[in-house]
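Asks: Dropping a prediction and its sequence here:
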Amino acid sequence: MKTSILPLLLVGFSPAALASVRGNNDNGGRRLKKGGSSDSVDSKKGSKKGGKKQGGGKKGGFDFNTRGPPAGDNICEGAGDPRFENVPCFDDDGPAVGGQAGADVTAGYKGNLVAGHLPLTVPYYEAGLCPVNVHTHLGAEHRSEGQYDEDGSGPDEHRRKLAGEVRPGFQCHHYDEDDEKFTAPYDWKYCTGYKVGETYEAHWPHSIFGDCGTLNQYQSPFYDGVLCNVGLFEDPLSDLQTKVGVQAQVYTLVNDEDYFYPDLMKGMIVDGDMGKDMAYYTGSTTGTTRDNEVCSQYTPITWQVDRTCHLISASSFDKMCADMMAQRDDMSEDLYPHGSRELVADDLTHDNQQRH
């Protein structure tokens, strides 16, 4: 196991005093064993031929490869520990932390918190960052008016069942209870806790400190991947928003193979209208342990957020979970959707949102 030097490096990571560190569970929800079973019932088996729809759009699960590489030394394990405590968002003088996430990304929106820096607006790979994790949240943590917001809809009974267990975020506007692609059950084989017709926000943390291009690139928790090689950098915290960032894309799950995308492990989809209308700003890590009273000290990092909600097949997510299971690191804690942080207040949102 790698010994982390994070406590020595992150003094001054945010305006708040970093007096102590401890482990946080930023995502909420339950921890699952690798290879968790499906929680879907009454689904119908289907088949896939040539990527075309079969059986009126009702699909069973597909078999994907989950065989991982040989066991080896995971140099990133524990690199993200110990983690920083959350802190009060405000003190007597106003905001006591750097900008937070997820924010409103509606075109024209701007937060009230002066940033004094700009986010990365080029693709992360052009700046030397690689993806180190993928995970999802129930509903959207960000808000994009008319795309995913308080007026969206979905399978309400699913959220009622989760009431008090997982905090849901905003919903998209695609759901149609009379269209079976939004209602036909899917036979999940690798992911657990997902529901056809529901909205999910996917996050891909990226880092220049990741063990890029190796078998240790992808890590759970994502902190291990983000901070894996931080000790190799002379001044890792300078212009941190150019070294650590997150991609975010919001989807409504459908049971329709016309919306299958096979490589969600690699990052958000950039194709046609997907990944086209983007918001860029700097914020923090998210998760349900944070709100507008208790804030994250992991700031500033760049956020690149697709403002549009897209349809994606349930099988795309199941393939993503199968790919997680094939990694050297145990990514079982990200095989289910995590809860969503409440929308960040204007006074805690940086004023540097860019649109491209």
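Replies: Thanks, I have the structure now. Numbering: from 1, shown residues only.
Asks: Tell me which residue is most central in the chain.
Replies: Central residue of the chain (Cα atoms, centre = their mean): His203, 2.2 Å from the mean position.
Asks: How far off centre is the strand or helix carrying that residue?
Replies: Assigned by DSSP states H and E, His203 falls within strand 199-207. Here strand 199-207 is found 3 Å from its chain centre; the criterion is Cα atoms, centre = their mean, to the nearest Å.
Asks: just the angle between the one helix or strand Val250 maps to and strand 199-207, please?
Replies: Using DSSP H and E, Val250 maps to strand 244-254. Orientation check (axes from the mean of the first three to the mean of the last three Cα atoms, to 10 degrees): strand 244-254 against strand 199-207 gives 160 degrees.
Asks: Return the alpha-carbon coordinates of strand 244-254 using CSV.
Replies: Extracted as CSV, the C-alpha positions of strand 244-254 are listed here (Å, rounded to 0.1, in the frame of the first residue of the first chain):
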residue,chain,number,x,y,z
VAL,A,244,-7.7,18.1,-11.6
GLY,A,245,-11.1,18.2,-13.3
VAL,A,246,-14.4,16.4,-13.8
GLN,A,247,-16.5,15.7,-16.8
ALA,A,248,-20.3,15.5,-16.2
GLN,A,249,-23.0,14.3,-18.5
VAL,A,250,-26.7,13.7,-17.7
TYR,A,251,-28.8,10.9,-19.1
THR,A,252,-32.3,9.4,-19.1
LEU,A,253,-32.0,5.6,-19.2
VAL,A,254,-34.0,3.8,-21.9
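Asks: Toward the C-terminus, what is the element adjacent to it?
Replies: Counting by DSSP H and E, what follows strand 244-254 is strand 278-283.
Asks: Show me what the helix or strand following that following strand is packed up against.
Replies: Where DSSP H and E defines the elements, the next helix or strand beyond strand 278-283 is strand 294-295. Applying 3 or more Cβ pairs under 8 Å, 6 or more residues apart in numbering; DSSP states H and E, we find strand 294-295 packed against strand 87-88. All C-beta atoms are positioned from the backbone trio N, CA, C, and that covers glycine.
Asks: who does the strand it packs on pair up with?
Replies: strand 294-295 (antiparallel) (DSSP bridges).
Asks: pLDDT (mean, whole number) over the partner strand?
Replies: Average pLDDT, strand 294-295: 98.
Asks: can you give me the angle the very next helix or strand once past it makes with strand 244-254?
Replies: Beyond strand 294-295 on the C-terminal side, the first helix or strand identified by DSSP H and E is strand 301-313. On the basis of the same axes, to 10 degrees, strand 301-313 is oriented at 20 degrees to strand 244-254.
Asks: Run the chain-centre distance for strand 301-313.
Replies: 10 Å.
Asks: by contact count, what packs against it?
Replies: Secondary structure elements in contact with strand 301-313, counted by 3+ Cβ pairs under 8 Å, 6+ apart, are strand 244-254, strand 278-283.
Asks: Hey, what's the angle from the longest one to strand 278-283? Just curious.
Replies: Computed with the same axes, to 10 degrees, the direction of strand 244-254 lies at 130 degrees from that of strand 278-283.
Asks: How far off centre is strand 244-254?
Replies: So, by Cα atoms, centre = their mean, the centroid of strand 244-254 is 6 Å from its chain's centroid.
Asks: in its sheet, what does it sit against?
Replies: Strand 244-254 is paired, per DSSP bridges, with strand 199-207 (antiparallel), strand 301-313 (parallel).
Asks: Dump the ones you listed into TSV; add distance to Pro185 and mean pLDDT as well.
Replies: Below are the strands paired with strand 244-254 laid out as TSV (distance: least, Cβ to Cβ, whole Å; pLDDT from 0 to 100):
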stretch	distance to Pro185	mean pLDDT
strand 199-207	16	98
strand 301-313	13	98
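Asks: Reformat those as TSV; add distance to Cys130.
Replies: Output for these, formatted as TSV (distance: least, Cβ to Cβ, whole Å):
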stretch	distance to Cys130
strand 199-207	6
strand 301-313	14
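Asks: Touching, Tyr261 and Ile269? I think so.
Replies: Yes: using Cβ atoms under 8 Å, Tyr261 makes contact with Ile269 at a distance of 5.5 Å.
Asks: Pull up the overlap in contacts between these two.
Replies: Ile312 (Cβ atoms under 8 Å, 6 or more residues apart in numbering).
Asks: ok, Ile208 - contacts?
Replies: Ile208 neighbours (Cβ under 8 Å, 6+ apart): 127-129, 233, 242-244.
Asks: let's see 6 Å
Replies: Residues counted as contacts of Ile208 (Cβ atoms under 6 Å, 6 or more residues apart in numbering) are 128-129, 243.
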